[in-house]
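1. Structural data only, the sequence is not supplied:
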């Protein structure tokens, strides 16, 4: 289950075993691969250079000859180095002795300041605070209007007036005091770091309200320009932190590393979608994995949890465990899974998947569309009882889906095979439990952590007391049993892509469980 | 075999999510204010180490704090300002490659350090590792076989290679249909400048004597239609809007119908920013294109709006949008900043997608046709 960088490094270090030690040339080659990976991830050229030097120093000390997989060991070392640079602790906010605590947002045009302002406002509300939003972007058409609408969604009032940004900020401060709001969030207009007049303006806005926190809002897909921009804003405003946006895309996000190195302030928050709820504290370990192109299982699971209709998910899982999982169920679960982007991410989590299939989006989408078309061409009865599909039905299905009868056959056969595989003790257990070694298992453990017992999960699904049920005792035991590891770091694997728009949460009849987590409200 | 894995993947996902969701997460109360004794290493302000503020009791209902006044919208201005020159506006820090080039020229021969410097210059311009390696590899070979001698020759050859990579025989004009109502669709990820670009294009086309209609196809983002409406007023063109949260395809359809009825030459269709990774949103965009392309309309341009600050992800964006809706050209925005936009080189080389227009500011006249010579010259000056 290696990713591209790891693969490349494995190639280099494969020679190690025969020679017993690394030559300087080997090390150099490895470091070049690492540098390339960082640059492809948009890490600043100088930052990449200094990182690689640091890694070289680490490698010199390491004894890789004894390692079973030196490539992986090196990647691990790189990963740790990145976490160090990106992290430290997550941000802990403190509040001003005399309210309001003022937060100022600045950044380039289009970086996501206005949406982030509203998200921050909502976040502060969740902390039990009473924020006020200030719309100080008077430059962009309808920017204040946008903030008003978002403010309403967040349940936070918005102040603005058509004067000038400095006056608006001052007015906002007065208003916050008047209303007794304890947090003031000031949204400003996007501006180029090289525009002296506008940088001067934001300096004056800052001067007018003396923010406790000034955050630079940075788009995760920013390239080499990140450093120049960050430096200029830092010089002008003295930043306290950075907020990284649009992490729901597939940009590797090297800008995060560059900005952190250059500005030396924490990345405080991560924005992972267009909904106000898509906002959380920043996780350096997950970001490190992402930059190295390793994806992040934990985020994928969290996103799945967010995007999937919970009722459909729990019902699907229950039916699966009871051995009643049909093509109809498969179809509805497939719709959910599609919200996560390509299946490549999921495939890379599973043991034994041939390399060509992993993270190869093109193959995925075509095949998935075909599978879906075939199932849709079946009648509900056929989906429930594939046994009734005879020759003429097969032809009809093939015609309706634009496929051949062979392809229809193949699907039916492989679905049946999959069902059997799922019942075998090794497979499911291996993937989910596996003595806790598997990526999925680790991430699952961390997600469910804090002493939560997976058995209660299965019980909650209504399958408690299955005993030697359809899955076979073996599978169940290996899922339930086995020691769970202590919290693991986001592991290699998936490319996280999640849906930003809420669909309506459709419920199927007959709920399996009482609604535990509650519905997600969002835009 | 793949089908099997697909099935298994879905099954695993089902099970995992089902398990995770069925167990209520133990919510760890998020901490807000910390007690002063707890070290807050990362962001404690040096000037303040006081006890936390008392929580203010929540208001019953915070009143609307300011009368919702619309910002005064400027009347449609006569197109007066001349289009800014690309070279002038392309960021004040444009001396990037030139700095390296100067130091290169000061050397007698092209040594390893020189190659490193050239590589760094290209990488910093977001040209990307693969393209940079290809360009320099080719130059190295030509130095090796004696075709290129000396630093000056190498630099000149690099300029030429870059220029040629960007040259587009199809030109930077935007296509119009003679018979049907032309539709130019503007697509791209969030925050790149689609709506502003439409405003600029509207200005340009109106000035050229064409009758333009705007379609507020972003029905998702708060106040997106309002934003485009202000551009409509500013440029003196009409706009078709729909209900917020409504079907964007319907808006575009309505716009095309209206354009046909009123005899407009051109519909400029805005769409919501969307990440190419979101399958359902890409499907939505495909539908918008299909609807717009039905008679009486015809989609003659699908313009991918790309932010010049974007790094390597720009290539991925271009690839995905090209595959999804058949992009015909790129509009490179925010090139008046410090970013170089070098990713367009890879986009042209690998996907054959030309840059047609360049955005150089937030005003209605800040739009110029793309000129490969100027673009490369600006990098080298």
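-> Arrived safely, thanks for sending. Source: prediction; values computed, not measured. Numbering: from 1, shown residues only, chains lettered A, B, ... in the order given.
2. Any stretches of the stretch 251-381 of chain B with poor pLDDT?
-> B:380-381 (pLDDT under 70).
3. any idea where the helices of chain B begin and end?
-> B:2-22, B:86-89, B:96-105, B:112-124, B:129-144, B:150-166, B:194-207, B:224-235, B:248-262, B:279-292, B:313-325, B:343-351, B:372-380 (DSSP state H).
4. quick one, which of the ones you listed is nearest to chain A?
-> Smallest distance to chain A across the helices of chain B (CB to the nearest CB): 2.2 Å, for helix B:2-22. Backbone N, C-alpha and C define where each C-beta goes, glycine included.
5. re the thing from before, any chance of the helices of chain B in TSV, with distance to residue A:180 and mean neighbour count too?
-> Listed next are the helices of chain B as TSV, based on distance: least, CB to CB, whole Å; neighbours: other CB atoms under 10 Å in any protein chain shown:
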stretch	distance to residue A:180	mean neighbour count
helix B:2-22	39	25
helix B:86-89	47	16
helix B:96-105	51	18
helix B:112-124	49	18
helix B:129-144	54	16
helix B:150-166	58	17
helix B:194-207	37	24
helix B:224-235	31	23
helix B:248-262	42	20
helix B:279-292	41	19
helix B:313-325	44	22
helix B:343-351	49	23
helix B:372-380	53	20
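6. Quick check, the residue in the stretch 151-300 of chain B closest to chain A?
-> Across the stretch 151-300 of chain B, the shortest distance to chain A (CB to the nearest CB) belongs to residue B:191, at 3.0 Å.
7. ok, back up a step: between the helices of chain B, which one is closest to residue A:421.
-> Across these, residue A:421 has its closest neighbour in helix B:2-22 (6.8 Å, CB to CB).
8. before we move on, back to that, residue contacts, the residue of the stretch 151-300 of chain B closest to chain A?
-> A:109-112, A:219, A:246, B:273, B:307 (CB atoms under 8 Å, 6 or more residues apart in numbering or on different chains).
9. cool, residue A:170 as well?
-> Per CB under 8 Å, 6+ apart, neighbours of residue A:170: A:208-209.
10. Give me the pLDDT for it.
-> Looking at residue A:170, its pLDDT is 97.
11. Kindly report the same for the one 5 residues further on.
-> For residue A:175, the model assigns a pLDDT of 97.
12. Residue A:128 versus that one, what's the distance?
-> For residue A:175, the distance to residue A:128 equals 21 Å [CB to CB, to the nearest Å].
13. What of residue A:331?
-> Residue A:331 is 43 Å from residue A:128, where distance means CB to CB.
14. what do you get for residue A:216?
-> Computed as CB to CB, the residue A:216 to residue A:128 distance reads 26 Å.
15. The two - which one has more neighbours?
-> residue A:216 (30 against 14; other CB atoms under 10 Å in any protein chain shown).
16. Could I get the contacting residues of residue B:222?
-> A:145-146, A:149-150, A:153, B:244.
17. partner residues bridging residue A:242?
-> Beta-bridge partners of residue A:242, counted by DSSP bridges, are residue A:216, residue A:267.
18. circling back to that earlier point, so which of the contacts of residue B:222 wins on neighbours?
-> Among those, the one with the most neighbours (other CB under 10 Å) is residue A:150, at 27 neighbours.
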